[in-house]
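Novice: Predicted model and sequence below, questions to follow.
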Amino acid sequence: MSTTSTLNSPPPGGVSLRQDAGLIGLIGLAHMVSHFSQLLLAPLFPWLKDVFQVSYADLGFWMTIFVVVSCAVQTASGFLVDRFGPRPILFIGLGLLGSAALGYAASTSYWMMAFFAVVAGVGNGVFHPVDYTLINRKVSAPRLGHAYSVHGITGSLGWALAPAMVVPLAYAFSWRVALVGAAMVAFGVLAVLVLNRKALALAPVAKKPEPVAGQAAQRDDSLDFLRIPAVWMCFAFFFFYAMALSVVQAFAPEAARQLHNVPVTLVAVCLTVYMVCAASGMVLGGFLASNPERCERVVGAGFGVAALIALVVGFGHVPGTLVPVLFGAMGFASGIAGPSRDLLVKKSTPENATGRVYGVVYSGLDIGQAVAPLIFGALMDHAQYRSVWLGLVLAQGILIASAFNVRRMRRTALVPA
């Protein structure tokens with residue numbers, strides 16, 4: 001076995017549970033801050049709208065800035081992770097998120113907030129290339145499924161923590177105090193990771209030997225991974241995954257209310273139940289992902305069940321009080337597919353291009369999140385509530401087809417020698 005292959009291979013199964021658990025915990029903590037930072041501003045819109053005297057569309061533009069910048073940086077940061085290692089890039093990302101939160105708190109104008117949305121987008125863009133490089137290269141193979149499970153669960157917890165923290169602080173003190181508190185969360189996690197930095201260290205990748213005199217220099221192959229069909233199928237998978245998730249988060253609860261007369265008090269509960277059940281499904285999904293050979297079938301089954309439930313909600317006769325239960329069942333089924341979804345990408349990734357592949361593939365998430373509101377928001381404006389649910393079903397169906405297409409394309413030769 002070559003030196004490069006040895007350095008890039010996951011640790012052997014003999015790695016202790018304590019080592020793996022410690023590393024998974026640190027990565028999950030960082031991922032929680034990423035998702036936490038994504039939902040800092042939206043819960044504070046009622047305060048920010050009055051302070052800056054702007055419309056909700058203007059406030060939403062900050063979120064657009066954040067997503068677009070994060071998408072661009074995510075792609076680029078994959079190259080930096082492969083070049084410099086994940087640890088310094090992770091520290092920079094957390095530092096930028098904390099600085100952005102402090103910047104929000106100190107802002108005195110709309111465009112100051114927009115500037116710090118750029119800073120936050122840059123910080124957020126590093127996490128997927130960093131996290132999955134660390135998981136794939138340091139966690140032992142038998143525990144990869146559990147690592148992906150914890151990674152997804154901590155992200156969901158980050159989404160839940162942001163409004164639960166900043167809204168009470170804003171009511172009790174002010175929106176500026178709330179954002180300072182959010183900054184302390186980011187800097188606190190950064191301090192924990194710095195103190196445990198040895199656990200995040202990677203052995204350097206062996207460099208290719210320099211050409212001897214008279215020998216032609218080898219070409220730069222840093223972009224060869226872009227010629228792998230399975231990488232682009234994974235990108236498409238995450239694009240449609242983001243569209244489905246955006247529909248559930250932004251439009252599906254209200255569309256269900258219009259279709260089934262869901263009590264207003266239960267509309268917000270639908271999303272909470274979905275996220276909690278999705279996190280529970282990820283726990284089971286971590287065990288199912290322990291066998292890489294069945295990851296496509298797990299993804300297909302999970303999203304297949306979710307699509308059937310979405311069909312029932314969109315086109316069936318459902319009592320309004322039962323809708324949150326169906327949201328929970330749909331979230332649980334989707335959560336089961338989560339760890340196997342991440343394993344699909346790992347199986348399609350060359351050993352020397354982990355950061356780059358994950359940077360490109362997961363940029364599909366950001367693009368999907370940017371596109372979905374334009375399509376489904378227009379359907380909501382035209383009261384096409386069944387069409388919203390039909391679109392969700394179609395997105396979930398495409399996810400099933402994409403998972404099996406990844407498997408088929410993976411059999412293609414990865415990169416020419």
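Specialist: Yes, it's here.

Novice: Which SSE is immediately downstream of the strand or helix carrying G302?
Specialist: According to DSSP states H and E, G302 maps onto helix 295-315. With elements assigned by DSSP H and E, the helix or strand that comes after helix 295-315 is helix 323-347.

Novice: who does that following helix touch, helix- and strand-wise?
Specialist: helix 127-138, helix 144-172, helix 229-250, helix 252-260, helix 264-288, helix 295-315, helix 354-381, helix 385-410 (3 or more CB pairs under 8 Å, 6 or more residues apart in numbering; DSSP states H and E). C-beta here means a position set from N, CA and C on the backbone, and glycine is covered the same way.

Novice: tilt between the third one and helix 264-288?
Specialist: Direction vectors for helix 229-250 and helix 264-288, defined by axes from the mean of the first three to the mean of the last three CA atoms, to 10 degrees, enclose an angle of 150 degrees.

Novice: so what secondary structure elements neighbour helix 229-250?
Specialist: Partner elements for helix 229-250 (3+ CB pairs under 8 Å, 6+ apart): helix 264-288, helix 323-347, helix 354-381, helix 385-410.

Novice: now, of the ones you listed, which is deepest in the fold?
Specialist: Comparing the helices and strands packed on helix 229-250 by mean neighbour count (mean count of other CB atoms under 10 Å), helix 323-347 ranks first with a mean of 25.

Novice: next one: it to chain centre, how far?
Specialist: 13 Å (CA atoms, centre = their mean, to the nearest Å).

Novice: dump the residue contacts of F239.
Specialist: Contact partners of F239, counting by CB atoms under 8 Å, 6 or more residues apart in numbering, are G364, L365, I367, G368, V371.

Novice: brain fart, D131
Specialist: I27, A30, H31, P86, H151.

Novice: Distance of it relative to L144?
Specialist: 13 Å (CB to CB, to the nearest Å).

Novice: Show me the two of the contacts of F239 that sit farthest apart.
Specialist: L365 and V371 (11.1 Å; CB to CB).

Novice: Now render the contacts of F239 as CSV, adding pLDDT and distance to A183.
Specialist: Shown next, in CSV, are the contacts of F239 (pLDDT from 0 to 100; distance: CB to CB, whole Å):
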residue, pLDDT, distance to A183
G364, 81, 29
L365, 79, 25
I367, 84, 28
G368, 85, 29
V371, 82, 31
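
Novice: Out of those, which is nearest to K138?
Specialist: The nearest member of those to K138, counting by CB to CB, is L365 at 23.1 Å.

Novice: I'd say the closest one and Y241 touch.
Specialist: Yes: between L365 and Y241 there is a contact under CB atoms under 8 Å: 7.0 Å.

Novice: Spit out the contact partners of the residue nearest to V54 when sequence neighbours are not counted.
Specialist: Using CB to CB, 6 or more residues apart in numbering and skipping residues adjacent in sequence, the residue nearest V54 is Y110, 5.8 Å away. Counting by CB under 8 Å, 6+ apart, Y110 touches F52, V54, D58.

Novice: Now, of those, which are buried?
Specialist: F52, V54 (16 or more other CB atoms under 10 Å).

Novice: In helices only, show me the contacts of Y110.
Specialist: F52, D58 (DSSP state H).

Novice: Of the helices and strands packed on helix 323-347, which shows the lowest average pLDDT?
Specialist: In terms of average pLDDT, helix 354-381 trails the rest of those, at a mean of 78.

Novice: Tell me the helices and strands packed up against that helix.
Specialist: Using 3+ CB pairs under 8 Å, 6+ apart, helix 354-381 is in contact with helix 56-84, helix 127-138, helix 229-250, helix 323-347, helix 385-410.

Novice: how distant is the helix or strand just after the longest one from the center of its chain?
Specialist: Looking back up the chat, that one is helix 56-84. Heading C-terminal from helix 56-84, the first helix or strand you meet, by DSSP H and E, is helix 86-106. Offset of helix 86-106 from its chain centre (CA atoms, centre = their mean): 18 Å.

Novice: Give the rounded mean pLDDT of the next helix or strand after helix 86-106.
Specialist: The helix or strand immediately downstream of helix 86-106 is helix 110-124, counting by DSSP H and E. Average pLDDT, helix 110-124: 95.

Novice: How far does helix 110-124 sit from its chain's centre?
Specialist: Here helix 110-124 shows a centroid-to-chain-centroid distance of 19 Å under the convention CA atoms, centre = their mean.

Novice: Then stretch 41-55?
Specialist: With CA atoms, centre = their mean, you get 26 Å for stretch 41-55.

Novice: And it, end to end?
Specialist: Using CA to CA, to the nearest Å, the end-to-end distance of stretch 41-55 comes out at 14 Å.

Novice: Just the buried residues of that stretch, please?
Specialist: L41, P43, L44, F45, W47, L48, V51, F52, V54.

Novice: Ok, stretch 119-134 next?
Specialist: Buried-residue list, stretch 119-134, by 16+ other CB under 10 Å: 119-134.

Novice: rewinding a little: so can I have JSON lines of the helices and strands packed on helix 323-347 showing distance to K346?
Specialist: Converted to JSON lines, those look like this (distance: least, CB to CB, whole Å):
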{"stretch": "helix 127-138", "distance to K346": "5"}
{"stretch": "helix 144-172", "distance to K346": "7"}
{"stretch": "helix 229-250", "distance to K346": "10"}
{"stretch": "helix 252-260", "distance to K346": "30"}
{"stretch": "helix 264-288", "distance to K346": "14"}
{"stretch": "helix 295-315", "distance to K346": "9"}
{"stretch": "helix 354-381", "distance to K346": "8"}
{"stretch": "helix 385-410", "distance to K346": "11"}
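
Novice: what's the closest of those to R197?
Specialist: R197 sits nearest to helix 127-138 of all the helices and strands packed on helix 323-347, at 12.0 Å, using CB to CB.

Novice: between the closest one and helix 229-250, how big is the angle?
Specialist: Using the same axes, to 10 degrees: helix 127-138 against helix 229-250 is 130 degrees.

Novice: just how off-centre is helix 127-138 within its chain?
Specialist: Distance, stretch centre to chain centre, for helix 127-138: 13 Å (CA atoms, centre = their mean).

Novice: Put the alpha carbons of it into CSV.
Specialist: Output of helix 127-138 as CSV, limited to C-alpha atoms (Å, rounded to 0.1, in the frame of the first residue of the first chain):
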residue,chain,number,x,y,z
PHE,A,127,-17.9,23.6,8.2
HIS,A,128,-18.9,20.8,5.8
PRO,A,129,-15.5,20.4,4.2
VAL,A,130,-13.8,20.6,7.6
ASP,A,131,-16.2,18.3,9.4
TYR,A,132,-16.4,15.5,6.9
THR,A,133,-12.6,15.5,6.3
LEU,A,134,-12.1,15.0,10.0
ILE,A,135,-14.9,12.3,10.2
ASN,A,136,-13.8,10.4,7.2
ARG,A,137,-10.1,10.4,8.0
LYS,A,138,-10.1,10.1,11.8
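
Novice: Many thanks, I have nothing further to ask.
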